[in-house]
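1. Everything below, folded, please.
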Amino acid sequence: MKKIILIFLVLILAVSPVFANNKFSDVDSEAWYSNWVGIITDFNITSGYPDGTFRPDNQLKRIELLSFTMKSLNYDLPVASGYWGQNIIDKALEIGIITDQSNDLMFTDPDGFITREETARVIYNAYLKESEIFTADVDQHVRTVITDFDLVDEMYIEGVVGVYSSGIVEGYSDKSFKPKNQLTRAEASVFITRLRLDEKRKKVELDMPYFEYETLSFKSKNFKEYYNPEHQDIYNIMTIVDTIENANTNNGFAWIGYLSPESTHSMSLYSNMEDFDFAPVTSHHNYKRWSIEVKKNPPNPEYLFDDWIEILGWRKADELKHEETLKAVFRYLFAEDADFLWNKYFELANDPNIGDKDIDYEMVSNGRTVRFHGDHIGMGISITRKTDAQPVNVEDVR
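-> Coordinates of the predicted model:
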């Protein structure tokens, strides 16, 4: 409870509370924020000014937001010599709420007024990040709901998606988020109330899941994912690998799991269970024979590597140990070009000079862009994902 109450201080200037029960001279009872200010007044955490005003249109500074965030996390930081908020910034860096990158204004311009998207990121990093509220499915849904989502800078996307999908921020009547707008004290009263009272949150109903994938791999039982129809391509590839590779672990084994819970899933192919057991405690390249990675992120046609399937084999590995599985994946991905691309892969992989030159080979097969890449460690293929794939019958591609 102490942490919940302290969190209220994150988004509002801490001045001596005055005029409880929302009796601020500049808060009109008909104003959209009047009830919200009244609620936080009832909690005796409302901030006001000595002249009896609430000043609902006043903006918050970044360092003020950061200072109260640190206090809400129970960090009692002394005022620093020189710039008074340096200790606050240093602690925020240490625990990962902000970064020291030049584009992070929380670090480079702490005395500037904070925007709605910046506020969302601070709240998300401090309070929501560990809740796994951000997933590719949630991200994709929120993008279709917020009308000005394209105005959200990339570094703030997780924060905006997190606070919006959790119901802390509802947005405006035109379904915009207005990410560049500076956060006002009136808006802060809404943030604060919704952080305190779950029933005041505007829940986002997601139109998912449509179907569920749960791996057959007995070493990956914690992996369980929900997919929308446009993820059918990913579902198909995982089904092919899982069904063939894990049918008999004497001939190989596929571990299926997360590289990042919100987007990237990996299928790692090992020649036997002993290799799998050794892989986590030593150089995995010595034991893992192949990996197939897939991404659930929404497609971006401008950037192949933002929406890919990648097949990667390591050198000095027993490549053909998993031939049945891999050829089935190739037949699914490339149809009539499967044999050609299979042979092209090994032609390039067996080039002894591959580590000394760049591979520049690209083609289109079965409606997919295919690019080869490699070095002295391994050989890979990046393939664009389809969003209109139909369910696969594994026997049709074996």
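2. Let me know the outermost residue of the protein.
-> Using Cα atoms, centre = their mean, the residue of the chain lying farthest from its centre is D51. It sits 44.5 Å away.
3. For that one, pull up the helix or strand it's in.
-> For D51, there is no host helix or strand (DSSP states H and E).
4. Not counting its neighbours along the chain, what's nearest it?
-> Excluding its sequence neighbours, the residue lying closest to D51 (Cβ to Cβ, 6 or more residues apart in numbering) is S25, at 7.8 Å. To be clear about C-beta, it is placed using only N, CA and C from the backbone, and glycine gets the same treatment.
5. And the residue farthest from the centre of the chain, how close does it get to L195?
-> Plainly put, D51 is 28 Å away from L195 if you go by Cβ to Cβ, to the nearest Å.
6. E214 now?
-> 34 Å.
7. Tell me where the stretch 251-398 of the chain has helices.
-> 273-278, 323-334, 338-349, 394-397 (DSSP state H, counting those that start in this stretch).
8. can you put these in a markdown table and add mean pLDDT and distance to D42?
-> Shown next, in a markdown table, are the helices of the stretch 251-398 of the chain (pLDDT from 0 to 100; distance: least, Cβ to Cβ, whole Å):
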| stretch | mean pLDDT | distance to D42 |
| --- | --- | --- |
| helix 273-278 | 62 | 57 |
| helix 323-334 | 93 | 60 |
| helix 338-349 | 90 | 67 |
| helix 394-397 | 93 | 60 |
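9. Could you single out the most deeply buried of those helices?
-> Each of those was given a mean neighbour count from mean count of other Cβ atoms under 10 Å, and the largest, a mean of 21, is that of helix 323-334.
10. Against which helices or strands is that one packed?
-> For helix 323-334, the elements it packs on are helix 232-245, strand 308-314, helix 338-349, strand 368-374, helix 394-397, judged by 3 or more Cβ pairs under 8 Å, 6 or more residues apart in numbering; DSSP states H and E.
11. Name the residues that touch it?
-> 236-237, 240-241, 244-245, 252, 254, 269, 290, 292, 309, 311, 338, 340-342, 365-366, 368, 370, 383, 392, 394, 397-398 (Cβ atoms under 8 Å, 6 or more residues apart in numbering).
12. next one: stretch 168-178
-> Under Cβ under 8 Å, 6+ apart, the answer for stretch 168-178 is 116-117, 120, 123, 145-149, 151-152, 160, 163-164, 190-191, 194-195, 201-202.
13. which of the residues in stretch 64-75 are buried?
-> For stretch 64-75, the neighbour count (16 or more other Cβ atoms under 10 Å) marks E64, L65, L66, S67, F68, T69, M70, K71, S72, L73 as buried.
14. Just checking the distance from that stretch to the centre of its chain.
-> Centre-to-centre, stretch 64-75 and its host chain are 24 Å apart (Cα atoms, centre = their mean, to the nearest Å).
15. Test my guess that V160 contacts P179.
-> Yes. Using Cβ atoms under 8 Å, V160 is in contact with P179, at 6.4 Å.
16. Looking at the two, which is more packed in?
-> Counted by other Cβ atoms under 10 Å, V160 and P179 do not tie: V160 has more neighbours, with 27 against 22.
17. May I have the residues that are in contact with the more buried one?
-> E117, A120, R121, V142, I146, F149, V152, F177, P179.
18. name the element it belongs to?
-> Per DSSP H and E: helix 157-165 holds V160.
19. ok so, going back, filter the contacts of stretch 168-178 to the buried ones?
-> The neighbour-count test (16+ other Cβ under 10 Å) marks 116-117, 120, 123, 146, 149, 152, 160, 163-164, 190-191, 194-195, 201 as buried among those.
20. What separation is there between the residue nearest to D51 and G38?
-> 14 Å.
21. Those two: which has the busier surroundings?
-> A count of neighbours by other Cβ under 10 Å puts G38 above the other of S25 and G38, at 19 against 11.
22. roughly how far apart are the more buried one and M267?
-> As judged by Cβ to Cβ, G38 and M267 stand 54 Å apart.
23. about what we covered before: now the contacts of V160 as a markdown table including distance to V79?
-> Below are the contacts of V160 laid out as a markdown table (distance: Cβ to Cβ, whole Å):
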| residue | distance to V79 |
| --- | --- |
| E117 | 29 |
| A120 | 28 |
| R121 | 25 |
| V142 | 39 |
| I146 | 39 |
| F149 | 39 |
| V152 | 34 |
| F177 | 34 |
| P179 | 32 |
